[in-house]
Structure formats: structure tokens, C-alpha cells
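Chemist: give me the fold of what follows.
(one chain, ligands or ions: 1)
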Amino acid sequence: MAYFARPQSRNAAVKIVTPTTQEDKAKSPSKKDLTQRQCRNILIYGSCKFQDKGCIYYHPPSPDGQSPLTPQPDSPPLQASLTAQAVNAPIFVPKAASTSLTGASLSSTTSTAPVFVPRSVVSPAPTPAPPPAPPPAAVYEEYDHDPYDPHAYSSDAVEPLTEQMQDLDPNYYQDQGTHYPSEYDQQFESTAGFYLPPQPTFTRQPLNYHLYTQPLPDTFSHTYFLNDDLREELQKRSEIIRTAPGPGLNLPDELQGYHTLVPLEAIGGDRRKFGNWYSTVYRATSDTTGVAHTLRRIENYRLMHQAAFTAIETWSRIRQPNIVSVREAFTTRAFNDNSLVVAYDYHSNAQTLYEAHLKLKAPTFHNGRVQAQSTAIPERTMWTYIVQIANAVKVVHDAGLAVRMIDATKVLLTGKNRIRISSCGIVDVLMYDSRQDIAVLQQEDLVMFGRLIFVLCCNNLAAMNSGPKALETLGRQYSGDMKNVALFLISKPGPHKNIGQLFDMIGSRLLTEMDESLNTVDRLESELMSELENARLVRLLCKFGFINERPEFAREPRWSETGDRYIIKLFRDFVFHQVDEAGNPVVNLSHVLTCLSKLDAGIDERIMLVSRDEQNCLVVSYKEVKSCIESAFSDLARASSMR
Ligand SMILES: Nc1ncnc2c1ncn2[C@@H]1O[C@H](COP(=O)(O)OP(=O)(O)OP(=O)(O)O)[C@@H](O)[C@H]1O
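Modeler: Predicted structure coming up:
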């Protein structure tokens, strides 16, 4: 009987063919020869559990008449700790229980995804699988590490086995209640006259790549996909970054290395001035990098001194997470006037603090009643803003510059509670002629910062017009610390009033902020983990797409349905085309993800692949399917690079 036939593929797949009779098996000369050879279990374990249960190999009698090399009850335990799994050998199927390796009996070695019933398994009623042999009782008569060559196994082959064992979990043996050979064992070995492999050294713990990456312990719930809020936010950003300009705007097609200008604010209607000038903000794409940038254009501005751009150079060297980075500045006549343009980083879906908190919002319906939306900013959020702005101001002041524009319409909210000061450097260019002492400008920064706190706490852009009322509102709704900070910032300039002193006042809040940002990093890292897995699987699916059913190779024998590609095709059916008992398609993402992850890891777990005509089935491991895919894909890649 042909238990195993070497498949057409050079890969190690076990083809299952119709079982033949016992007589055929008896006639097999190779089997006969095998019975003359000494049983490997005797060599490795000192005994063979299956000696009297059908093992066909030679078992030498022991001198005391007991079964050969059976350990005495008080003798030290033999090193019988290798399982079939440990040496990568097939699971032993006792002869009595398996007259043939039918699909049913193989089911014990197949994937454990029980919900899926491949077509061929559905139609013939499966016979119950025999219980798997106990792990330590593995026999190696049939296989070496090449499972198809029954004669290949020799004692020399023990060496490669130890190499494979090095990849195993070191605790594996402890778990089995066995141990590595001690000195005593070594002595026993030599006196017993059989060879035991040298003690393996374990260099690393094998990774269970086929399992999804675990999130950080206990902190965050684990999901396969990105958190909904974050996904929505990121999608919105990438959607907004691709919006096209409306028709009839009459904007230049090309502007000093930028194209596709899109205004970020309404053009026309009531416009507020930026100092003495009108300004407009555009999103534009860089010709060289394809990256979106923000261009702030000052209309009708005539540059008198080139030196006015010196400040832009200094600003462009500042990289601080709470400042919108400055890229460059230039003048242009592309808008049919003399315009000054300063380019900044673009933060998609950004809002100004004014838009986020101060602008009147449409009322909402709650319990059937119209309700004005609450615009009060929670104290916690206010402290986050204060710490971030203070951080930015400190960096700017330390660089010998002044922000010169800390205003609710110029501070951007670019993410959840994440703010950045925008429009930096532009005032330095505009006011170049009326140069002022930098220390005075820095004091002004602090006052502007204080005013912004009053505006946000009172929810009123004109809060500072009535100082005492604003102070009272702030004191009523926020803590004493907040009031002190706001008062300090708007107080008269003095030698001790600087941004460093503010940090002395808010020291403990900084620690809270730091905790928060570390938590955010952890959370995002955990999100990244799941996306990492998904990216891995997408690459795998792309390989599948490249390989499966290529029309140009339809007549090519190597691509035909007899080689590696056939295994890949059947595997594709196994992953995606499962049917239930009634023949209905099973659409189960978990099954797909599990299979693909196991494939990517190339683990030794075996699965049964069934041909579409249900006449043949192949037992292959994920490792073997992976190697088929790798070789098919590298063939393709080679072919494509030769063109
Ligand atoms: N760097 C940037 N990245 C993304 N969007 C930005 C950037 N800078 C400004 N914006 C957006 O451009 C729009 C206009 O910005 P601007 O600074 O002109 O605000 P504004 O409220 O219109 O102020 P003003 O009344 O002074 O023009 C705002 O919606 C803002 O979110």
C-alpha cells in the first residue's frame, strides 16, 4: 500500500492517494527490508512502546530477558523526552488504527479550524479519526527530516535534528516533566552503548508569528483593526488633503515650485486684516516632493529689503512640536499683485482655536429640545493648551526670537488637544522696518499668551475689553492656579517676568502632561502593532494575486496544475472558498486571518487541501505552502526583471 507518494512538487507535500490493500503492503520489498533494521525508538529512547503493537522494526532482546533496554524502575530516567513534534517527525499512527491514511484519519493532523468543512470532507461521511499517538512514543522508521525518503534516516541524521531542536521552546522539555541529560545520564548512555544527541543550546525563544501581536499588557483592549475614532480622524485627514480647488477661483497653476492651490478659507465677503494687510491661506503641493504645504499670502505687499527674510531663515531652523514649521518665503506677482508668500507645513483637518471653541455652533437637538452646544473648555484641556503654548514660547525665546502672534485665530488644533502656533515669522518680515527690542517683543508674547487664556476661559474673543468681568468669570469657572497664571502673564513687564518663571508656576502640571503624552504614545504604538500585522497580510495577499491563475502561463508546465502552483491554488481554496455542510459559502474573516498569519510564519502545522473534483487531497504544512509561494513569486519577479 502506498501510504505516501512523493508529490510532483519538489516541496515536501504528502499526496494522499486511494488506499491499496494489505496484500500490496506485504509485498513491498522496502517494508520488508525495514523490518531487518533496528528500531530507532530503541536507539533513541531505549524502548519502543509499539514493539508489541505493530512496530515493524527489529527489537533486539535485552540480556535479562526483559524488553530491550527497558529502564529499571530505580534507574535514572532515560532521555526519552523528544516528541515527534520536537524532532519535526510525523505523528505516529498505530498500524492497527490506520490501515490507510484516509482524509478522516488525517484530520487529526490538519488545521484546527473546525467550522470549515472542505467540499470533499462534506460529501463522504468521515470516519472517526484515531486518537493521536502519545507524544513521547514517536517512531522514526518512516521518515528522516526528508519525509519522503524512508531510507534516508540514519544515525548521522541526528545532528540536523538537534539543529531543529534549537528552535524549540526551552521550557518545552520541562513542561513534559523530563530533563536534559545530566552527567549521570551521559554515563548511562555510554554504558548502554547508544547515542544520544548532544544537549542543544537554546539561543532564542521562537516567536509565534502566527498569533496576532499582543497589545501592551492590560492597558488597551486588543482589536485587529484601528480604533474607530482614530481611523475616522486619519481618513478625514487624507480625504481633506485631496480636495480639489473649486472652479473659477482664478488661481495661478504654478507658484514658485508649488501647484494645485486650494484656499483654506472663504475668499471674498467680510475679511479680517492681518495687521494692515489682507491675507489668504492656501494649501499647495510641492513640485519636488508632492507633499502638501500651507502658503500664507499677504496681498499687496512690496518687499523693500531682502534682509527682511533673515528672520525666516532663523525660523526655518526651529523644529518644535507646538509650532507649525516654517519652510521658506518669497515674493510673487503670480496673483497679479505684489504678494508675499510664506510656506509652512500643512496639517490636514486643522482648525484654529477660534473655530474650535469660540465660533458660534449650530444648536443641537437633545431629548426633542433645541440646546445650545456647550463651548466651555474643561480645565484639564486648558492646562494642556497652556503647557504646549508655554513650551513653544520657551523654544522661540531661547532662540532669540519672539512669536509676535499668539491669538485664537493663529493657534491651530491639529489633533485631539494637540495645538501648534501657526504663522510664525511673517510679522518679522512685515514689520522689518520698525525694528524693536527683542526683549520687549518677548514681554509682549507673554501678555498675548495671558490674553489668550482669558479669551478661551471666558469663551469670548473680546473678553479683555472688560478686564474685571473676565477675571471674575475665570475665577468662577477655573482653579486659583489658572487665575494666577493668567494674571502673571498679563501683568506689567519686569526683570523677573519671563517664560521660565511660568514653568516654575506650573511645574506639577508638566508631569501630568508628560504622563498623558506617554500614554498616548503607548496607545498609538498598540494601534501601530495591529496595522503592522495588517500590512504583512496585505503583502501576502498581493503575492497570491500575482501568482494565482496567470493567463500567460496557462500552458506552461511549471505553472500547470501539477506543481507548486497547484498547491497554492488549493491553498487559496482552503483559505477563501470554504463551504459549510450544506455547501453554502463560508465567509469568515477570522479563518482567513488565521490561515494567512500561519502561512506568513511558515509554521509546521499541517492542513489538508482537497482538489476541486474531490478526487485527491494533499496534506501539507504551512511551511511547505509558504515555500511554494516564495518560489513561485521569485520566479515571477525574475521573469519580470528580465523584461
Ligand atoms: N499650517 C496649516 N495647516 C493646515 N491648515 C491651516 C494651516 N494654517 C492655517 N490653516 C487653516 O486655514 C484657515 C485660515 O487660517 P487663518 O489663520 O487665516 O485663520 P482665520 O480664522 O481665517 O484668521 P484671519 O481672520 O486672521 O484670516 C483656518 O481654517 C486654518 O485652520
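Chemist: okay, CA-based contacts and neighbour counts for the rest of this
Modeler: Fine.
Chemist: so which bits of the stretch 351-500 of the chain are right by the ligand?
Modeler: 351, 352, 409, 410, 422 (C-alpha under 6 Å from any ligand atom).
Chemist: one more time with 5 Å
Modeler: Within reach of the ligand by C-alpha under 5 Å from any ligand atom, the stretch 351-500 of the chain has these residues: 351, 352, 409.
Chemist: partners of the first one in the sheet?
Modeler: Read it as residue 351. residue 413 (DSSP bridges).
Chemist: in CSV, list the residues of the stretch 351-500 of the chain next to the ligand along with neighbour count.
Modeler: Formatted as CSV, those follow (neighbours: other C-alpha atoms under 10 Å):
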residue, neighbour count
351, 18
352, 21
409, 17
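Chemist: and residue 393, what does it touch?
Modeler: Each residue near residue 393 by C-alpha atoms under 8 Å, 6 or more residues apart in numbering is listed here: 402, 403, 445, 499.
Chemist: out of the residues you listed, grab the one that's most surrounded.
Modeler: Neighbour counts for those, by other C-alpha atoms under 10 Å, peak at residue 403, which reaches 27 neighbours.
Chemist: these two touch, right, it and residue 394?
Modeler: No: contact status for residue 403 versus residue 394: not in contact, 9.9 Å apart, counting by C-alpha atoms under 8 Å.
Chemist: check contacts around the nearest residue to residue 334 once chain neighbours are set aside.
Modeler: In space, and not counting its chain neighbours, residue 334 is closest to residue 252: 6.1 Å by C-alpha to C-alpha, 6 or more residues apart in numbering. Each residue near residue 252 by C-alpha under 8 Å, 6+ apart is listed here: 259, 261, 334, 335.
Chemist: show the pLDDT at residue 252.
Modeler: Per-residue confidence at residue 252 stands at 93 (pLDDT).
Chemist: report pLDDT for the residue in the stretch 351-500 of the chain positioned nearest to the ligand.
Modeler: Per C-alpha to the nearest ligand atom, residue 351 is where the stretch 351-500 of the chain lies closest to the ligand, at 3.8 Å. Confidence at residue 351, expressed as pLDDT, is 95.
Chemist: start the count at 35, not 1, going forward
Modeler: Sure thing, new numbering starts at 35, so read that last one as residue 385.
Chemist: I'd assumed residue 446 was in contact with it.
Modeler: Yes: using C-alpha under 8 Å, residue 385 is in contact with residue 446, at 5.5 Å.
Chemist: write out the residues of the protein neighbouring the ligand.
Modeler: Checking the chain against the ligand by C-alpha under 5 Å from any ligand atom, the hits are 298, 299, 306, 380, 381, 384, 385, 386, 443.
Chemist: helices or strands up against the longest helix seen in the chain?
Modeler: Using DSSP state H, we find that the single longest helix of the chain is helix 541-581. Applying 3 or more C-alpha pairs under 8 Å, 6 or more residues apart in numbering; DSSP states H and E, one finds that helix 541-581 makes contact with helix 413-432, helix 623-635, helix 656-676.
Chemist: would you list those in a markdown table and tack on mean pLDDT?
Modeler: Listed next are the helices and strands packed on helix 541-581 as a markdown table, based on pLDDT from 0 to 100:
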| stretch | mean pLDDT |
| --- | --- |
| helix 413-432 | 96 |
| helix 623-635 | 88 |
| helix 656-676 | 88 |
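Chemist: may I see these arranged in CSV, with distance to residue 603 as well?
Modeler: Shown next, in CSV, are the helices and strands packed on helix 541-581 (distance: least, C-alpha to C-alpha, whole Å):
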stretch, distance to residue 603
helix 413-432, 55
helix 623-635, 14
helix 656-676, 10
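Chemist: and for the closest residue to residue 561 other than its chain neighbours, the neighbour number?
Modeler: Nearest residue to residue 561 in three dimensions, chain neighbours excluded: residue 260, at 5.8 Å (C-alpha to C-alpha, 6+ apart). Residues within reach of residue 260, counting by other C-alpha under 10 Å, total 17.
Chemist: buried residues in the helix or strand containing residue 345?
Modeler: Taking DSSP states H and E as the criterion, residue 345 maps to helix 344-350. Neighbour-count burial for helix 344-350, counted by 16 or more other C-alpha atoms under 10 Å, picks out 345, 346, 349, 350.
Chemist: which SS state does residue 363 fall under?
Modeler: strand (DSSP: H, G, I helix; E, B strand; the rest coil).
Chemist: hey, what's it bridged with?
Modeler: Beta-bridge partners of residue 363, as defined by DSSP bridges: residue 376.
Chemist: my read: it touches residue 375, true?
Modeler: Yes: proximity of residue 363 to residue 375 meets the contact threshold set by C-alpha under 8 Å, at 5.6 Å.
Chemist: who's more crowded, those two?
Modeler: residue 375 (24 against 21).
Chemist: pLDDT at that one, what is it?
Modeler: Residue 375 carries a pLDDT value of 97.
Chemist: now residue 48
Modeler: pLDDT, read off for residue 48, is 47.
Chemist: quick one: find the helix or strand in this structure with the lowest mean pLDDT.
Modeler: Across the helices and strands of the chain, mean pLDDT, DSSP states H and E gives its lowest value to helix 137-140, namely a mean of 32.
Chemist: tell me the spacing between residue 402 and residue 408.
Modeler: 17 Å (C-alpha to C-alpha, to the nearest Å).
Chemist: brain fart, residue 302
Modeler: For residue 302, the distance to residue 408 - C-alpha to C-alpha - is 30 Å.
Chemist: which one among the residues of the stretch 385-534 of the chain next to the ligand gets closest to residue 574?
Modeler: Comparing these against residue 574 with C-alpha to C-alpha places residue 385 closest, at 39.0 Å.
Chemist: which residues does the lengthiest strand in the chain contact?
Modeler: Scanning the chain for the longest strand, with DSSP state E as the assignment, gives strand 311-320. Residues from elsewhere that reach strand 311-320 (C-alpha under 8 Å, 6+ apart): 291-299, 301, 305-307, 325-335, 380.
Chemist: who does it pair up with?
Modeler: strand 292-297 (antiparallel), strand 307-308 (antiparallel), strand 326-332 (antiparallel).
Chemist: surely residue 285 is in a strand?
Modeler: No: using three-state DSSP, the secondary structure at residue 285 is coil, not a strand.
Chemist: tell me the contacts of it?
Modeler: 295, 369.
Chemist: now do the contacts for residue 604.
Modeler: Going by C-alpha under 8 Å, 6+ apart, residue 604 touches 643, 644, 645, 646.
Chemist: circling back to that earlier point, strands - which of the contacts of residue 427 land there?
Modeler: Per DSSP E, the contacts of residue 427 never map to strands.
Chemist: wait, is residue 300 part of a helix?
Modeler: No: in this structure, residue 300 is coil, not part of a helix, as judged by three-state DSSP.
Chemist: tell me the confidence at it?
Modeler: Per-residue confidence (pLDDT) for residue 300: 83.
Chemist: what's the neighbour count on it?
Modeler: 10.
Chemist: and it, backbone torsions?
Modeler: Note on residue 300: its backbone torsions stand at phi -60, psi 130 [degrees, to the nearest 10].
Chemist: check which helices and strands the helix or strand residue 489 falls within is in contact with.
Modeler: Per DSSP H and E: residue 489 is located in helix 472-492. Judged by 3+ C-alpha pairs under 8 Å, 6+ apart, helix 472-492 is in contact with helix 413-432, helix 501-511, helix 514-524.
Chemist: could you dump the first one to PDB, C-alpha only?
Modeler: Just to be clear, that refers to helix 413-432. Provided in PDB are the C-alpha atoms of helix 413-432 (Å, rounded to 0.1, in the frame of the first residue of the first chain):
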ATOM      1  CA  GLU A 413      -9.800  72.900  32.900                       C
ATOM      2  CA  ARG A 414      -7.800  69.800  32.000                       C
ATOM      3  CA  THR A 415      -7.800  70.800  28.400                       C
ATOM      4  CA  MET A 416      -6.900  74.400  29.300                       C
ATOM      5  CA  TRP A 417      -3.800  73.100  31.100                       C
ATOM      6  CA  THR A 418      -2.800  71.000  28.100                       C
ATOM      7  CA  TYR A 419      -3.100  74.100  25.900                       C
ATOM      8  CA  ILE A 420      -1.100  76.200  28.400                       C
ATOM      9  CA  VAL A 421       1.700  73.800  28.700                       C
ATOM     10  CA  GLN A 422       2.000  73.300  25.000                       C
ATOM     11  CA  ILE A 423       2.000  77.000  24.200                       C
ATOM     12  CA  ALA A 424       4.400  77.700  27.000                       C
ATOM     13  CA  ASN A 425       6.700  75.100  25.600                       C
ATOM     14  CA  ALA A 426       6.600  76.700  22.100                       C
ATOM     15  CA  VAL A 427       7.200  80.200  23.500                       C
ATOM     16  CA  LYS A 428      10.200  79.000  25.600                       C
ATOM     17  CA  VAL A 429      11.900  77.500  22.500                       C
ATOM     18  CA  VAL A 430      11.300  80.600  20.400                       C
ATOM     19  CA  HIS A 431      12.500  82.900  23.200                       C
ATOM     20  CA  ASP A 432      15.600  80.700  23.700                       C
END
